[in-house]
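Chemist: Generate coordinates for the sequence data below:
(one chain, ligands or ions: 1)
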Amino acid sequence: MKSIIPAAGLGTRFLPATKCSPKELLPVLNKPVIQYVVEEALEPEGVDGVVIVNSHEKPQIEAYFAEDAEFEAMLRERGKDALADAVHEAGALPVSFVYQDDPKGLGHAVYCAKDQMDGDPFFVLLGDYFVPDRQMCVDMATVSAAHNHASVIAVAPVPADQVSRYGIIAGECVESLPGCNATGEEEGAVWKVTGLVEKPAPEDAPSHLFIVGRYLLSPRIMDLLATQGTGAGGEIQLTDAMERLLEEEEMYAVVVDPDKGCDTGTPAAWAATNARMALANESEAAAFKEALGRDVKLG
Ligand code: G1P
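Modeler: All right, here's what the predicted structure looks like:
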């Protein structure tokens, strides 16, 4: 089984930084954002590879995940074994590439990886967000296994005035945890999905649960994407193909706490993620607080 990470976007929100280096390689501490997503994508049992949907404009991503024995050897010669190990680790990850040179939307990006999926179910992880404990997709796989291997997506509550930024589900809560209230919008609740709509106006939103950017999908979605027309924003939307999938197969949504993940989609969110990860990192936290304390008063 494989995971797909769409990464063909231009990264315009980070210009000029992304003029010649892809946003996926922006670091969080000393590791590129996309490596956190790749490591998360490999976490569920049975996933043995990641397919990155890249554009030919960003060969640096492929270079980053390639082995570089010469560079490693040079670092070892200089006694920098820990750094050589880190370089080796990135090159040894089971990552392959397909290309989407025409940005036609998320649905089209996923479809570009069809031939690599071998007809199996697969995960999709959107790359502007990563979950440090890597559990979200693992939990989704558990929910899928309990429901006859149906498709499962991660969702979370969003304020009504923000629904038009996301894919929103319709459905009913079929399992909530003991002690949860009746809305079924707490972490761990499972919904049976009855409809999906991409970027609805607030008055058209069927719920307040938005698609967080983690999907476990039936292989049938690829056949539907092959004929999927354009939707919101003139793009081929994954959400629209999932809505068609509902006519044939069951689909579930698991409510997650989006704050368990880190957003890297805007410069401010990326900076906050660096702060959060530095504070959570034993060997960096003290130095980070000291460096910050000298220059910044928060609040
Ligand atoms: C995409 C999906 C949307 C989802 C969102 C999560 O939208 O199409 O359904 O809610 O990611 O970030 P985009 O952010 O690419 O517009």
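Chemist: how about low-confidence regions in the stretch 51-200 of the chain?
Modeler: 177-182 (pLDDT under 70).
Chemist: quick one: the helices in it?
Modeler: Assigned by DSSP state H, counting those that start in this stretch, the helices in the stretch 51-200 of the chain fall at 59-64, 69-77, 81-92, 106-111, 136-146.
Chemist: Is it possible to get CSV of these that adds mean neighbour count and distance to Arg13?
Modeler: No exception for glycine: its C-beta is placed from N, CA and C like everyone else's. As requested, these are exported to CSV (neighbours: other CB atoms under 10 Å; distance: least, CB to CB, whole Å):
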stretch, mean neighbour count, distance to Arg13
helix 59-64, 16, 17
helix 69-77, 13, 31
helix 81-92, 14, 25
helix 106-111, 24, 16
helix 136-146, 19, 23
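Chemist: Write out the residues of the stretch 51-200 of the chain neighbouring the ligand.
Modeler: 106, 126, 166-167, 198 (CB under 6 Å from any ligand atom).
Chemist: are any of those residues buried, and which?
Modeler: Buried members of these, scored by 16 or more other CB atoms under 10 Å, are 106, 126, 166-167, 198.
Chemist: what two of those residues have the greatest distance between them?
Modeler: The distance between the two most remote of these (CB to CB) is 13.6 Å, for Leu126 and Glu198.
Chemist: so which of the helices of the stretch 51-200 of the chain gets nearest Ile211?
Modeler: Using CB to CB, the helices of the stretch 51-200 of the chain put helix 106-111 closest to Ile211, at 10.3 Å.
Chemist: Give me the neighbour count for Ser21.
Modeler: Applying other CB atoms under 10 Å, we find 15 residues neighbouring Ser21.
Chemist: quick one on the thing from earlier: would TSV of the buried ones among the residues of the stretch 51-200 of the chain next to the ligand with distance to Leu224 be doable?
Modeler: Formatted as TSV, those follow (distance: CB to CB, whole Å):
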residue	distance to Leu224
Leu106	14
Leu126	19
Tyr166	21
Gly167	15
Glu198	14
